[in-house]
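> I'll drop the sequence and a predicted model, then ask my questions.
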Amino acid sequence: MNSSPFRLLGAALLLSSTPLLAAPLDAALDESQRLAVEAKASQARIEQLDDASREMLTEYRNALQQTEALQGYNEQLKQLVAAQREELAGYQQQLEGIERTQEAVTPQMRRMVEVLGEFIAADLPFLPDERSDRLAQLQELLPRADVSLAEKYRRILEAYQIESDYGRTLEAWRGELLGEDGSRSVEFLRLGRVMLYYQTLDGHESGWWDPKSRSWQVLEGDARRPLRQAIGIARQEQAPALLDLPVKTLAQESQQ
């Protein structure tokens, strides 16, 4: 019976200490939750930092690749610049060579044109307008600075080639023949560079160019028919045939 008061006292003490024990437990739980929240936030920050680190690493690797590519490109540019410098140096040497060539070739081309003019003046007087125009064009071409040296030389050679071809062709054309009584229309016939003939349109008169006297000489009447036939062949109006044309040379004339 004496123990009852003690039991009651113990129970009272136990009940009175329950709030005191709950307070530290709640604080511990709150602290645990706070630590969990902070840990979660820290983990999120760590993950963000990890993602940022990955991005930075990727950017760094990309930068390295770009750097290597730029280094390779710069090396190619260096080689290209060096090659261009060598090419420019070669061009400069070519220009200097062209200038020296031009200094040597220009007088030669001028002389070629002069010789061509002298040759035309001494040659048979055929196609005078065409040949004199071609010669005048060459004379005007030589001093022009906007025309290359190669083009000038090509044009001169072309003129020489045309003059050379005259010696291998048979040609007929209508033109004006100057005489003491004025000019008259006639048919001209050129036999290479050997002979130059004319025949009046009515066929009553024929003649040939005498290089020795530098004048036209009338042919005998029996030359009219073969000359008319030769003119037809030259105009491709008749089939080619063996011609019996009068041919006189300077040697024959001197013997006469």
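Looks like it arrived, so ask away.
> what about dumping the CA coordinates of stretch 217-227 to PDB?
Provided in PDB are the C-alpha atoms of stretch 217-227 (Å, rounded to 0.1, in the frame of the first residue of the first chain):
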ATOM      1  CA  GLN A 217      49.800  46.700-173.800                       C
ATOM      2  CA  VAL A 218      47.200  45.600-176.300                       C
ATOM      3  CA  LEU A 219      47.200  42.000-177.400                       C
ATOM      4  CA  GLU A 220      46.600  40.600-180.900                       C
ATOM      5  CA  GLY A 221      43.100  39.600-181.900                       C
ATOM      6  CA  ASP A 222      43.700  35.800-181.600                       C
ATOM      7  CA  ALA A 223      44.100  36.200-177.800                       C
ATOM      8  CA  ARG A 224      40.500  37.300-177.300                       C
ATOM      9  CA  ARG A 225      38.900  33.900-177.300                       C
ATOM     10  CA  PRO A 226      41.200  32.000-174.900                       C
ATOM     11  CA  LEU A 227      41.200  35.100-172.600                       C
END
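> buried set for it?
Buried residues in stretch 217-227, counted by 16 or more other C-beta atoms under 10 Å: L219, A223, R224, P226, L227. (Each C-beta comes from the backbone N, C-alpha and C, glycine too.)
> again, but for stretch 175-192
Result for stretch 175-192 [16+ other C-beta under 10 Å]: buried residues L177, V186, E187, F188, L189, R190, L191.
> beta partners of the fourth one?
On the basis of DSSP bridges, F188 takes part in beta bridges with W173, Y198.
> what sits against it?
Listed by C-beta atoms under 8 Å, 6 or more residues apart in numbering, the contact partners of F188 are F126, A172, W173, R174, G175, L177, L196, Y197, Y198.
> the first one is in contact with L191, isn't it?
No - counting by C-beta atoms under 8 Å, L191 is not a contact partner of F126; they are 10.3 Å apart.
> residues in contact with V113?
V113 sits next to L135, L138, Q139, L142, I156 when contact means C-beta under 8 Å, 6+ apart.
> helix/strand/coil for Q229?
Remark: Q229 carries the secondary structure label helix [criterion: DSSP: H, G, I helix; E, B strand; the rest coil].
> please compute how far the helix or strand where V186 lies lies from its chain's middle.
Assigned by DSSP states H and E, V186 falls within strand 182-191. Distance, stretch centre to chain centre, for strand 182-191: 47 Å (C-alpha atoms, centre = their mean, to the nearest Å).
> again with stretch 34-51
Here stretch 34-51 is found 70 Å from its chain centre; the criterion is C-alpha atoms, centre = their mean.
> can I get that stretch in CSV? Just the C-alpha atoms.
C-alpha atoms of stretch 34-51 as CSV (Å, rounded to 0.1, in the frame of the first residue of the first chain):
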residue,chain,number,x,y,z
ARG,A,34,16.0,21.2,-43.9
LEU,A,35,19.2,19.2,-44.4
ALA,A,36,17.3,17.1,-47.0
VAL,A,37,16.1,20.2,-48.8
GLU,A,38,19.6,21.6,-48.8
ALA,A,39,21.0,18.3,-49.9
LYS,A,40,18.5,18.2,-52.8
ALA,A,41,19.4,21.8,-53.7
SER,A,42,23.0,21.0,-53.5
GLN,A,43,22.5,18.0,-55.7
ALA,A,44,20.7,20.1,-58.2
ARG,A,45,23.5,22.7,-58.1
ILE,A,46,26.0,19.9,-58.6
GLU,A,47,24.0,18.5,-61.5
GLN,A,48,23.8,22.0,-63.0
LEU,A,49,27.5,22.4,-62.5
ASP,A,50,28.1,19.0,-64.1
ASP,A,51,26.0,20.0,-67.1
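> please enumerate the strands of this protein.
Remark: strands assigned in the chain by DSSP state E are 170-179, 182-191, 195-200, 206-210, 215-218.
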